[in-house]
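*Asks:* here's a sequence, model it:
(2 chains)
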Amino acid sequence: MADRAALPTTPTAPPGPDLPEEAVLDAYRLMVLARATDERCLSLQRQGRIGFYAPLMGQEAAQVGASLALTPEDWVFPAYRELAVALARGVSLRAIFDQLIGNADDVIKGRQMPNHFGFRDVNFVVASSPIGTQITQAVGAAMAAQRRKDPVVTIAFFGDGATSSNDFHAGLNFAGVYQCPTIFFCQNNQWAISLPRHRQTRSATLAEKANAYGIPGVQVDGNDLRAVYHAVSEARARAVSGGGPSMIEAEVYRFGPHSTSDDPKRYRSDAELSAAKERDPIARLRSQLIAAGKWSEELDRTHWEEVRARVARTFESAEKAQPLDPRSVFDDVFARMTPRLEEERAEYDALVRDGAVKP
Amino acid sequence: MTEMNIVQAINRTLHEAMRRDADVLVLGEDVGVNGGVFRATDGLYKEFGAERVIDTPLSETGIIGAAIGMSLYGLKPIAEIQFLDFIYPAFDQIVSELAKFRYRSGGQYPAHVVIRSPYGGGIKGGLYHSQSTEAYFCHTPGIKVVVPSTPADARGLLFTAIDDEDPVLFLEPKRIYRSMTGEVPDGEGRVPFGKSRLVREGSDLSIFAYGAMVPPALEAAETLAQDGVSAEVVDLRSLVPLDEAAVVASVEKTGRAVIVHEAARFCGFGAELAALLAEKALYSLKAPVVRVTGFDTPFPYALENVYLPNADRIVRAAKTAVRGS
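*Replies:* Here you go, the predicted structure:
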């Protein structure tokens, strides 16, 4: 057990291993892919081609930096804004679009609104809408990994709003007690829909909340890819070596609306947004790469064009996929269909036969 | 066969399930060193240790959230919620998460958690140690709800729950935890979900009950027999999935239905049974369906006997049904 008295209040993250320089350019490309996808999806939603979207723009460095510090065996418990995490875990853009559309290729079979991704093949546990519920689940999975002696950590992604949820409290408390290998990765994007960070809690930082549970909590500049990678790597190394859980507060800013159903002009100023965009994680990394001679304005322009074209092309292919089988609505409620569900499916078949519903 | 009470049957079954499968573990408040406030987990801690019999902090959402995570990872957690009355901090985890994991992931992430919880009145537990709120959970697709009324069924249904692939709410009738004993098979005999138990055959009316209401239903049937009324008693055992065929068949035979549960009447489980009979057995009914239930009040402490159904109320309801034909 960690010595409580020795815990720092809210330090910045100690240096962990460096993100290998050869990986930085790939990370940049992932961030660009996420941003281009985001921009495209906002437009697609306005065109009515997808029903809903929750953009992540502004949080790319935090998500990619954290993801690169994990192994494929680690388990991700995302919220619903973790597009870049899914891409960094190796999920294909096509699979993302299949989910946003809810077509026959969607691995979650059209069961959830856009953004609620779940990809078992890359240990990306299916997201839900209630806030914070994934936090205690990540703790339970970490307790299981601990029991099996697997060199696996679980990481829960959540936002500043979730730090007020029941499951944040319960999850950090359990993790502190059982010292299980969990990373609590809070993307503090400053806004929980319309509620600003300073109205969410009186605490000076979100990371300091971890101290109350006997867990080290650190703040990190979430716009700094390398800093996030450092912090998560350090937390991961401690967790797999039996050193227990950590909380990381990555300070970012949500450039976009909470979702396509939200109008941020009602609650925040253009000036605040403009100031935040001065710290755009993608622009920052691009400048660094160009300054280091590893990238150029010209390469960047071409790359963006290629990515935008690829995003558009991939979406169009996903749009052409088959629609879901309407009868699949009755599947996966239970492992085996109950007589009642069989009866309801037969009722649906009769409705179709009689023209009362269109399949 | 061994003679034992319901708590002993549950305790023995937990021991055996944990012995045969190292992935089975138990978590909850006071379940370890203390053996559970009703002693249902007594002895597990000594045999299996703190890693598999986990005393948790006082947080129901923590217990169920963690159990879900363990299950996703491949373990088989059995969570105890000390009283059903205290389950609500975990309601979000149960109805929004546990019950929906398989569905919302397109079958990728089934979550199999068994939640054991004592429920029901008759122990002078007042508002917060007495309620029967099974209907909240039965209303949520994706979770099974079962209620044993005998030691043998407690064992057989618990084995089935542990082996099942779906989430299960296993409700334990605490009023009859120790008040009666019964013969329990020594082997791992399963009681399948979705199959009711015909407790007593009859021809004039059908009494449907579950959990702690089965003994008064049976007592009522015996009293009715003395008055020349032949009452059938059906123990539902499994509310989700429900043995609809048996419910309908019984009323097709008898033509009358008395539904008994402790929970408040309005939107209680009996409403679903009455609707089922209206939909599928209306032309067999010779009298209106009668519900004998708790009243639509909060559960009272000093006056719990006013609230709780008993054999006399069931007899009176049955006679009304028979006279009314």
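*Asks:* mind listing what the residue of the stretch 201-350 of chain A found nearest chain B touches?
*Replies:* Minimum separation of the stretch 201-350 of chain A from chain B (Cβ to the nearest Cβ) falls at residue A:335, amounting to 3.8 Å. Any C-beta I mention is one placed from the backbone N, CA and C, and that applies to glycine too. Residues in contact with residue A:335 (Cβ atoms under 8 Å, 6 or more residues apart in numbering or on different chains) are B:102, B:110, B:164, B:165, B:166.
*Asks:* now with 6 Å, please.
*Replies:* The neighbours of residue A:335, taking Cβ atoms under 6 Å, 6 or more residues apart in numbering or on different chains as the test, are B:165, B:166.
*Asks:* so which strand or helix has it?
*Replies:* Using DSSP states H and E, residue A:335 sits in no helix or strand.
*Asks:* give me the neighbour count for the closest residue to chain B within the stretch 151-300 of chain A.
*Replies:* The nearest approach of the stretch 151-300 of chain A to chain B comes at residue A:170, 3.4 Å away (Cβ to the nearest Cβ). For residue A:170, the neighbour count with other Cβ atoms under 10 Å in any protein chain shown is 28.
*Asks:* quickly note the distance from it to residue A:177.
*Replies:* Note on residue A:170: its distance to residue A:177, by Cβ to Cβ, to the nearest Å, is 11 Å.
*Asks:* now residue A:184
*Replies:* Residue A:184 is 14 Å from residue A:177, where distance means Cβ to Cβ.
*Asks:* neighbour-wise, which of those two wins?
*Replies:* residue A:184 (32 against 17).
*Asks:* dihedrals phi and psi, residue A:223?
*Replies:* With angles defined as degrees, to the nearest 10, residue A:223 sits at phi -90, psi 0.
*Asks:* still on that earlier bit, wait, the residue of the stretch 151-300 of chain A closest to chain B touches residue B:62, no?
*Replies:* Yes - contact criterion Cβ atoms under 6 Å: residue A:170 and residue B:62 qualify, at 3.4 Å.
*Asks:* mutual contacts of those two, please.
*Replies:* By Cβ under 6 Å, 6+ apart, the residues touching both residue A:170 and residue B:62 are residue A:136.
*Asks:* and chain B, is stretch A:215-232 touching that?
*Replies:* No - against chain B, stretch A:215-232 shows no contacts by Cβ under 6 Å from any Cβ of the partner chain, the least distance being 13.8 Å.
*Asks:* how about the CA coordinates for that stretch, as PDB?
*Replies:* The C-alpha coordinates for stretch A:215-232 follow below in PDB (Å, rounded to 0.1, in the frame of the first residue of the first chain):
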ATOM      1  CA  ILE A 215      -4.000   7.000  -5.200                       C
ATOM      2  CA  PRO A 216      -1.400   9.100  -6.900                       C
ATOM      3  CA  GLY A 217      -3.000  11.700  -9.100                       C
ATOM      4  CA  VAL A 218      -1.100  13.900 -11.600                       C
ATOM      5  CA  GLN A 219      -2.000  16.600 -14.100                       C
ATOM      6  CA  VAL A 220      -0.600  16.600 -17.500                       C
ATOM      7  CA  ASP A 221      -0.800  19.000 -20.500                       C
ATOM      8  CA  GLY A 222      -3.200  17.000 -22.600                       C
ATOM      9  CA  ASN A 223      -2.200  19.000 -25.700                       C
ATOM     10  CA  ASP A 224       1.300  17.600 -25.400                       C
ATOM     11  CA  LEU A 225       1.500  14.100 -27.000                       C
ATOM     12  CA  ARG A 226       4.800  13.300 -25.400                       C
ATOM     13  CA  ALA A 227       3.800  14.400 -22.000                       C
ATOM     14  CA  VAL A 228       0.600  12.300 -22.000                       C
ATOM     15  CA  TYR A 229       2.600   9.300 -23.300                       C
ATOM     16  CA  HIS A 230       5.100   9.800 -20.400                       C
ATOM     17  CA  ALA A 231       2.400  10.000 -17.800                       C
ATOM     18  CA  VAL A 232       0.500   7.000 -19.000                       C
END
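*Asks:* what about residue A:167, distance to residue B:157?
*Replies:* From residue A:167 to residue B:157 the distance is 30 Å (Cβ to Cβ).
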